[in-house]
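**Q** Sequence first, then the predicted structure:
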Amino acid sequence: MNGGVAARIGEVVVGQAGTGEGPVVILRDSSTVTSGVEVQQKLISAAIAFGNILRRTYGPKGLDKMMYKSNGEVAITNDGAKIVSELMIKHPAAKAFVSLGEAHEEAAGDGVTGCILFAAELMQEAGRLLSRGLHPLVLIEGYAKALEIAIANINQNVICFDRENNEQMTNVAITALGGKFISNSGSKIANLISQSIQQTTFIEDGVINCSSERVILAKSRAGDLSESRLIRGVVIDKKVELAHGPRSIADASILLLTSALGIKKTTRDAEIEITSPDQLVAFLESEEELIESKASAIVALGVNALFCQEEVDNRILHKLVNRGIFVISGIDANEMQNIASASAAKLIDDIQDCEISDLGFAGNIEVLRKENNGEISEHIYINQCNNAKLVTIEVGGAGGAATEEVLRSIHDALRACQEATAGELISIGGGFSHTQAALEVRKSSELESGRERLAMEAFARALEVIPRTLAINSGGDALDKILELRSHIKNGNLSGIDASGDVSDVSSILEPTKSLIHALGSATETTATLLRIDQVISARGD
């Protein structure tokens, strides 16, 4: 090539500058580049479309989505986190919203739909301002100022949360369960959630230790949702080995043994030569004495319930059962740990090292037989444990897709109660906190002389997407309800959009302040990230 040097790397051609060889090609022919306002409008359109997917599911009157998966499975849900996780997303802006939903689910456990709706509304408001010539960075700066004002307003109006106040805890759970098809049994389920969180929360080194992971959700596979109950302990799906053994133990003293219970076998093969009947009798008696000593050691401790992770020698098993001791062997290591957390028993490796203080307690152990679709199974209920650090909510129902949705809803409510308990702060829901923050942002924007004021006003309008969506999904007129709600709040009322879509007192609709603030912050951050993009380069050409 005369007068210049060129190198081909894949589909990329680099020509020497100043040689007059024509344009330099650095992308494949299939690649496309979108720049300027056009790319921002595409991102905004994708964000709005994503928000519209979830919009009708929000609130106590939200509708469900049916998702037909590629493998033929059908899922029906209105849980934002579930919908986001199941969608097969293609557009990069929509993928950013998926990441937003997953991050909020990880941080707060509930409120994914509201978080995404707010982010979509911020993008829509941004689109209007960008089309009027507002610079993206000015818009981002205005959003940041408005967010700071909104969070400050929310923090000024928080309510101190009392974890021992059952009414407060139950109201937080009911709010999180709103819109789920638990409605008929919502109050009972919320009360079970409240009791379970209160039971498993404790103070450690002056810090509140609360975790929804200490509440196990189990399927009853019988009855209906109204028959759900709280087990102050655990439920094990395990069959009792000896039919004549005890099937119910009151005031159980529990021993948890992680090793096998029997006579240890030698690691080498050995032969014992017996020359007389007396030697054989002595040998058998010696073995019998060893077995008896192990059984007697357990009885001497006052144990009446033994759970063993490994096998129990049949001879020891029969001796213990004949003395009225409840024995279960071959238990999973995780289940052993759960029993220990519930009963306060210590995991013991060798029976010789066990002391009475190592035993746990349960007010009742019971074996129940259940029939489901013609199959009979046995479940061991370890219940009424004192100061249990782990409990179980047994959810009634047949165990199908509907039960799975109920379990997911309960899990979200447990996370909401956990965040309220750990943070010790709650805020009023029903659109009250969002509208009050919007009024404060709008008031503060009037003091701004620059273009950031336009962005702050847009932020305030975006905040009102929450009460507006609640009103629309309840069949009300959004404009009328928003105007009425603003008036009520300015007059000092704790008003919001209730389950009927009316403006009324919503002081009993409570949500964790941490979840609310995280939703606003993460949504604003995601929006700012997308608004900074001025060029999209696609290797696929789409």
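**A** In hand now; what should we look at?
**Q** Could you list the alpha-carbon positions for the longest strand belonging to the chain in CSV?
**A** Identified as the longest strand of the chain according to DSSP state E is strand 360-372. C-alpha atoms of strand 360-372 as CSV (Å, rounded to 0.1, in the frame of the first residue of the first chain):
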residue,chain,number,x,y,z
GLY,A,360,-32.2,-28.7,75.2
PHE,A,361,-35.9,-28.4,76.1
ALA,A,362,-39.1,-28.6,74.2
GLY,A,363,-42.6,-28.5,75.8
ASN,A,364,-43.8,-31.1,73.4
ILE,A,365,-42.6,-33.5,70.7
GLU,A,366,-45.2,-35.2,68.6
VAL,A,367,-45.3,-37.4,65.6
LEU,A,368,-48.2,-36.8,63.1
ARG,A,369,-49.1,-38.9,60.1
LYS,A,370,-50.4,-37.0,57.1
GLU,A,371,-51.8,-38.2,53.8
ASN,A,372,-51.3,-36.3,50.6
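**Q** Quick check: Leu470 touching Gly62?
**A** No. Contact criterion Cβ atoms under 8 Å: Leu470 and Gly62 do not qualify, at 9.1 Å. Every C-beta, even on glycine, is put in place using the N, C-alpha and C of the backbone.
**Q** When those two are compared, which one has more neighbours?
**A** Counted by other Cβ atoms under 10 Å, Leu470 and Gly62 do not tie: Leu470 has more neighbours, with 30 against 22.
**Q** show me the contacts for the more buried one.
**A** Tyr58, Gly59, Lys61, Gly430, Gly431, Gly496, Ile497, Gly501 (Cβ atoms under 8 Å, 6 or more residues apart in numbering).
**Q** Doesn't the last one belong to a helix?
**A** No. Counting by DSSP: H, G, I helix; E, B strand; the rest coil, Gly501 is not found in a helix; it is coil.
**Q** quick one, strands of the stretch 201-350 of the chain?
**A** Using DSSP state E, counting those that start in this stretch, the strands of the stretch 201-350 of the chain run over 202-204, 207-209, 215-219, 229-231, 234-237, 248-257, 305-308, 326-328, 347-348.
**Q** can I get those strands in TSV with distance to Val506?
**A** Conversion of the strands of the stretch 201-350 of the chain to TSV gives the following (distance: least, Cβ to Cβ, whole Å):
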stretch	distance to Val506
strand 202-204	31
strand 207-209	27
strand 215-219	27
strand 229-231	28
strand 234-237	37
strand 248-257	46
strand 305-308	48
strand 326-328	49
strand 347-348	48
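**Q** Looking at the contacts of Leu470, state which has the most neighbours.
**A** With neighbours taken as other Cβ under 10 Å, the top of the contacts of Leu470 is Ile497, carrying 34 neighbours.
**Q** Quick check: pLDDT value at the residue lying closest to it once chain neighbours are set aside.
**A** Spatially, and ignoring its direct neighbours in sequence, Ile497 is nearest to Leu470 (3.9 Å; Cβ to Cβ, 6 or more residues apart in numbering). Note on Leu470: pLDDT of 95.
**Q** how close does Leu470 get to Leu217?
**A** Remark: distance between Leu470 and Leu217 (Cβ to Cβ, to the nearest Å) = 28 Å.
**Q** What of Pro246?
**A** Pro246 is 28 Å from Leu217, where distance means Cβ to Cβ.
**Q** repeat for Ala295
**A** With the distance defined as Cβ to Cβ, Ala295 ends up 37 Å from Leu217.
**Q** With neighbour numbers in mind, choose between these two.
**A** Neighbour count, other Cβ under 10 Å: between Ala295 and Leu217, Ala295 has more, with 22 against 18.
**Q** Please list all residues in contact with the closest residue to that one other than its chain neighbours.
**A** Take Ala295 and drop its neighbours on the chain: the residue closest to it by Cβ to Cβ, 6+ apart is Lys319, 4.2 Å away. Lys319 sits next to Ile291, Glu292, Ala295 when contact means Cβ under 8 Å, 6+ apart.
**Q** Quick check: the gap between Lys319 and Thr258.
**A** Lys319 is 21 Å from Thr258, where distance means Cβ to Cβ.
**Q** Grab the nearest non-local neighbour of the residue most central in space within the chain.
**A** Residue closest to the mean C-alpha point of the chain, counted by Cα atoms, centre = their mean, is Gly109 at 4.4 Å. In this structure, Gly109 finds its nearest non-sequential neighbour in Arg415, 2.4 Å apart by Cβ to Cβ, 6+ apart.
**Q** quick one: pLDDT of the one you found?
**A** Per-residue confidence at Arg415 stands at 94 (pLDDT).
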